[in-house]
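In: Give me coordinates for this.
(2 chains)
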Amino acid sequence: MTGYFLYAFIYLVAAVIAVPIAKRLGLGSVLGYLIAGLVIGPIFGLVGDETVAIQHFAEFGVVMMLFLVGLELEPRSLWAMKSKLMGLGGLQLALTTALITGVALLLEQPFSIALTIGLIFALSSTAIVLQTLQEKGLQKTEGGKSAFSVLLFQDIAVIPMLALIPLLAIPELVAAGGEHGAAESHDSFNLVEGLAPWASGLVIISSIAFLTIGGHYLSRPLFKFVASSGLREIFTATALMLIIGIAALMGLVGLSPALGAFLAGVVLANSEFRHELEANIEPFKGLLLGLFFITVGAGINFSVLSENPMLIAGLTVAVMLMKAIVLFIIALIFKIKGTNKWLFTLSLAQAGEFGFVLLSFASQNYVLPNDIISVLSLVVAISMFLTPGLFILFDKAIIPRYKNAKSQRDDDVIDEKGTVVIAGIGRFGQIINRLLAANDVKTVVLDIRSEQIDLFRRFGNKAYFGDASKPDILHTAGAHEASLLVIAIDDRETAAEMVKYAKHAFPNVKVLARAFDRGHGYRLRQLGADFVVSETYHSALEMGAEALRSLNIHPFQVERQKMAYKNIESQQNDVLYHAWVDDASGERVDNNYLKLFSELESLIEDALKADLHDKHSKMRGWTPPPKGYAEKLAPDEKPDNAKK
Amino acid sequence: MTDENIIESTVERAKESKKVLVLFAHPAQTRSEVNVPLFHEAKMNKHVTAVDLYAEYPDFNIDIEREQQRLVDHDVIIFLFPLYWYSTPSILKEWQDLVLEYGFAYGHEGTALKGKLFLCALSAGGKEEAYQTDGFNHYTIRQLLQPLEQMAQITHMTYIAPFAIFGSRTAQEEHRVAQHRGKWTTLLNKLTSNTLDLEKAKCIENLADLCTPQGD
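Out: Sure thing, here's the model as predicted:
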């Protein structure tokens, strides 16, 4: 037990030190993790063989990442991607495989080995590339999207590759390995193992159908049931259960867990629980991916490297160069322009984590001899290690070159109206949302009551289940990119906490908050809310006005009384607020606030009465000149003499 | 006056820069093609205070105190508006009703605006020919704006000819907006630097005729 703690502690210390430093130096978190791994692995030897086992476990981070990517992608946008997916992805895989196989053949490798190497190096690293794209905010650019299409296609292509590789087995190696070795390669939990091709096909198709249909129809009642319990950790447990269940199901039928998780994500992208799921899975994904990158760094074998450094360096550079050339040509064919062309080319020019999977699979199936495998694993690892460097190259060398050309075209960019996050969609939030939606403002609506969300969605609105008091949910709802955050919930404490957190975490986002009463409003203002309104103020004023009109007071006079009320209220608001702050902080004990409050009451009363008695002072506006003033005018001021 | 005197007095006047207040009234700015560009131009000039009345008082709840202070703080007052029914949009009328109080702007002690310069800058949909005694609208712009002229008179301000843009509905199609904008900029510069020929400005029909960008 203590041993586990010790290892966990070493990993965490390495990450905690290396990642923030790397981030500060502008190297990105991925390189930080890789360096951390390098330091605790090959350099200081603090961790050893267990990294391989940990790596298998940490690969689950990739599954979670694809689930999250799927959540961001609605089925419709996935469908819209299909030509990109097949075109870019298919072409990249085919051309890279062909090129690398060809080069391997030139180096006098037998065809089966050459092809296996080609397949392994055709894959890129989903983990590093997606993580870095997200971190740099490039995932929505054309280059980022194209890179994602290719990565997704590769993840799908791993499955037929796993089927193909055993067919390339080298007879001598199989003979040497003996029969019991072959049995090991079979997954002991595979349902489709002994079945006829048509039957296994049927099982695979029905499990995917179960995943999509079940995800669509069963997940909602399940989440609703769990959400109604109000237990946060059970919601987290449900989210984890879902992803692990999918991974297990996919494993059972011999499909890629990452692909299954991605599909499940897409199915749930329309769900109202999307943001809550994201908020729950995100930390797990981050930690597991970090762990995965550490193990890649730790797994670099210095002894093999020192034996033939030139060979490995040469191979790594050659592989990355070939991949980059293929990507560049594809970018030209598909007319990806400017910085996007370079982003696409540089981001995918490495081998990926599935390379490790295929390498170990190839070794189990006697396709590749062990000496080649140890060299190739090193090439895969080093190329992944160099990837953050390529992103830095993109940042520092490519973007500045295009900056000047771009600034001339800035006019084309249509500045989209920012989105508004509305927390709480009860009686209060609905009116706000309707007003915004009618003016084509994009809103993201959050509420903790799933039945409320349900009702709201029935009218075709976008709304999500989410515990707004949990900071993560504000992030996944996009509050950091929003232009406004409207807090329309009726829980006083939660509203105050939200204002505090929002102003701290996103100081540039304007916060509009609903207050319960004057005191609560002042508290929200003190916590930094930019605009506060008491929930009953305007409706009460309107009701009072209607009462006056019902008593036959002239409607315009009533309107003026209302205005006068508002004017006094807003004039005195600051004075009262500061008195409230003083009283609340205990600086005053004389209840100044209460005194001022009763002063406000009498001020309002005075102001409203003044006009009734036609006093000149208080209530201004449309006051006629005194009676008989025209007689007292100087001769040149008299209207008929006005024109000189 | 001799020539030397004229030059001297012009130089004298030019020394003191004037503060200009533009009170802009347009209730449907998303449809504006001429007024909004002029307003933006005014906002960019650092000697000009440009106020969008409909933005500041969307509920017509005009702050009398603040508006009077604004008048006191400036030397030149301009109403900038599209001509609606031969007059200003309603908020400018409301502004007059509320801000130009007895005892402040008129009456025995009402001399707060004495000596300030007042003018209108407006756009009219009709063509210049329509605003003639024998034209479609029967009156010239100056005649139609006489209530405002008299307002200036009784508040002791100096009234000069309006800066009028005719055919504003088709200004964009006929690529005239830049030209109008140029004249408007010239006017604002002449007002702030106090180099406008006031004697001429009092008696001509349209101030725009004095504002060709390269000078008079």
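In: Show me the shaky parts of the stretch 301-450 of chain A.
Out: A:403-418 (pLDDT under 70).
In: What's the nearest residue in it when you look at chain B?
Out: Nearest residue of the stretch 301-450 of chain A to chain B, counting by C-beta to the nearest C-beta: residue A:439, 11.6 Å away. Bear in mind the C-beta positions are built from the backbone N, C-alpha and C, glycine included.
In: Tell me how many other residues crowd that residue.
Out: 8 (other C-beta atoms under 10 Å in any protein chain shown).
In: same check, this time on residue B:49
Out: Residue B:49: 16 neighbours (other C-beta under 10 Å).
In: Isn't it up against residue B:18?
Out: No. Counting by C-beta atoms under 8 Å, residue B:49 stays clear of residue B:18, with 11.7 Å between them.
In: Tell me which residues of stretch B:142-152 come out buried.
Out: B:142, B:144-145, B:148-149, B:151-152 (16 or more other C-beta atoms under 10 Å in any protein chain shown).
In: how far is that stretch from where the chain is centred?
Out: From the chain centre to the centre of stretch B:142-152 is a distance of 12 Å (C-alpha atoms, centre = their mean, to the nearest Å).
In: cool, and stretch A:288-301?
Out: That offset, for stretch A:288-301, works out to 23 Å (C-alpha atoms, centre = their mean).
In: repeat for stretch A:49-69
Out: Relative to the centre of its chain, stretch A:49-69 is centred 19 Å away, using C-alpha atoms, centre = their mean.
In: Quick one: residues contacting the residue of chain B found nearest chain A.
Out: Closest to chain A within chain B is residue B:102: 4.0 Å, counting by C-beta to the nearest C-beta. By C-beta atoms under 8 Å, 6 or more residues apart in numbering or on different chains, residue B:102 lies in contact with A:623-626, A:629, B:110.
In: Buried ones in the longest helix that chain B contains, by neighbour count?
Out: As assigned by DSSP state H, the longest helix anywhere in chain B is helix B:177-192. Across helix B:177-192, burial judged by 16+ other C-beta under 10 Å covers B:177, B:180-181, B:183-192.
In: So which bits of stretch A:161-172 are buried?
Out: Buried, per 16+ other C-beta under 10 Å, within stretch A:161-172: A:161-162, A:165-166, A:168-170.
In: And the average pLDDT for it is what?
Out: Average pLDDT, stretch A:161-172: 76.
In: Any chance you could give me that stretch in CSV, C-alpha atoms only?
Out: Extracted in CSV, the C-alpha atoms of stretch A:161-172 (Å, rounded to 0.1, in the frame of the first residue of the first chain):
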residue,chain,number,x,y,z
MET,A,161,-5.6,-2.6,-38.5
LEU,A,162,-5.8,-4.8,-35.5
ALA,A,163,-7.6,-7.3,-37.7
LEU,A,164,-5.0,-7.1,-40.5
ILE,A,165,-1.8,-7.3,-38.5
PRO,A,166,-2.1,-10.9,-37.3
LEU,A,167,-2.4,-11.9,-41.0
LEU,A,168,1.1,-10.5,-41.6
ALA,A,169,2.7,-12.8,-39.0
ILE,A,170,6.1,-14.1,-39.9
PRO,A,171,6.1,-17.9,-39.9
GLU,A,172,9.6,-18.2,-38.3
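In: As CSV, the buried residues of helix B:177-192 with distance to residue A:384 and pLDDT would be great.
Out: Formatted as CSV, those follow (distance: C-beta to C-beta, whole Å; pLDDT from 0 to 100):
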residue, distance to residue A:384, pLDDT
B:177, 58, 93
B:180, 63, 95
B:181, 58, 94
B:183, 65, 95
B:184, 63, 96
B:185, 60, 95
B:186, 65, 95
B:187, 67, 96
B:188, 63, 96
B:189, 64, 94
B:190, 69, 94
B:191, 68, 95
B:192, 65, 95
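In: which one of those residues sits closest to residue B:33?
Out: Taking C-beta to C-beta as the measure, residue B:33 lies nearest residue B:177 of the buried residues of helix B:177-192, at 6.9 Å.
In: show me the contacts for the residue of the stretch 301-450 of chain A closest to chain B.
Out: With C-beta under 8 Å, 6+ apart, residue A:439 has no contacts at all.
In: can you count the residues close to the closest residue to residue A:461 other than its chain neighbours?
Out: Counting by C-beta to C-beta, 6 or more residues apart in numbering or on different chains, residue A:445 is the residue found nearest to residue A:461 once chain neighbours are left out, at 6.7 Å. Under the neighbour criterion other C-beta under 10 Å, residue A:445 is assigned a count of 29.
In: Just say helix, strand or coil for the residue of the stretch 51-200 of chain A found nearest chain B.
Out: Going by C-beta to the nearest C-beta, chain B is nearest to residue A:140 of the stretch 51-200 of chain A, at 29.4 Å. Following DSSP: H, G, I helix; E, B strand; the rest coil, residue A:140 is assigned to coil.
In: rewinding a little: give me the contacts around the helix or strand just after the longest helix of chain B.
Out: The element immediately downstream of helix B:177-192 (helix or strand, assigned by DSSP states H and E) is helix B:198-203. Contacts with helix B:198-203, where a contact means C-beta under 8 Å, 6+ apart, come from B:117, B:158-161, B:207, B:210.
In: Can you report phi and psi for residue B:23?
Out: phi -100, psi 110 (degrees, to the nearest 10).
In: what number of residues lie near the nearest residue to residue B:75 once chain neighbours are set aside?
Out: Nearest non-adjacent residue to residue B:75, counting by C-beta to C-beta, 6+ apart: residue B:18, 4.2 Å away. Using other C-beta under 10 Å, residue B:18 is surrounded by 19 other residues.
In: Wait, a strand at residue B:18?
Out: No. Using three-state DSSP, the secondary structure at residue B:18 is coil, not a strand.
In: which stretches of chain B form strands?
Out: B:20-24, B:48-52, B:76-82, B:117-123, B:158-159, B:163-165 (DSSP state E).
In: Can you check which of those gets nearest to residue A:282?
Out: strand B:48-52 (44.4 Å).
In: For residue A:39, which residues are in contact?
Out: Per C-beta under 8 Å, 6+ apart, neighbours of residue A:39: A:14, A:18, A:297.
In: Contacts only, for residue A:280.
Out: With C-beta under 8 Å, 6+ apart, residue A:280 has these contacts: A:235-236, A:239-240, A:472.
In: my bad, should have said residue A:87
Out: residue A:334.
In: Just say helix, strand or coil for it.
Out: Going by three-state DSSP: residue A:87 is helix.
In: Run through the helices of chain B in chain order.
Out: With DSSP H as the criterion, chain B has helices at B:3-15, B:35-44, B:53-56, B:64-73, B:90-99, B:141-144, B:146-154, B:177-192, B:198-203.
In: ranking those by mean pLDDT, which is last?
Out: Mean pLDDT per stretch puts helix B:3-15 lowest among these, at a mean of 58.
In: ok so, going back, then the longest helix of chain B to PDB, C-alphas only?
Out: What follows is helix B:177-192 as a C-alpha-only set of coordinates in PDB (Å, rounded to 0.1, in the frame of the first residue of the first chain):
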ATOM      1  CA  VAL B 177     -22.400  60.500 -47.500                       C
ATOM      2  CA  ALA B 178     -18.700  61.100 -47.500                       C
ATOM      3  CA  GLN B 179     -19.100  64.500 -49.000                       C
ATOM      4  CA  HIS B 180     -21.800  65.500 -46.400                       C
ATOM      5  CA  ARG B 181     -19.500  64.100 -43.700                       C
ATOM      6  CA  GLY B 182     -16.600  66.200 -45.000                       C
ATOM      7  CA  LYS B 183     -18.700  69.400 -44.800                       C
ATOM      8  CA  TRP B 184     -19.900  68.500 -41.400                       C
ATOM      9  CA  THR B 185     -16.400  68.000 -40.200                       C
ATOM     10  CA  THR B 186     -15.400  71.300 -41.700                       C
ATOM     11  CA  LEU B 187     -18.300  73.000 -39.900                       C
ATOM     12  CA  LEU B 188     -17.300  71.400 -36.500                       C
ATOM     13  CA  ASN B 189     -13.700  72.500 -37.000                       C
ATOM     14  CA  LYS B 190     -14.700  76.100 -37.900                       C
ATOM     15  CA  LEU B 191     -17.000  76.200 -34.800                       C
ATOM     16  CA  THR B 192     -14.500  74.800 -32.400                       C
END
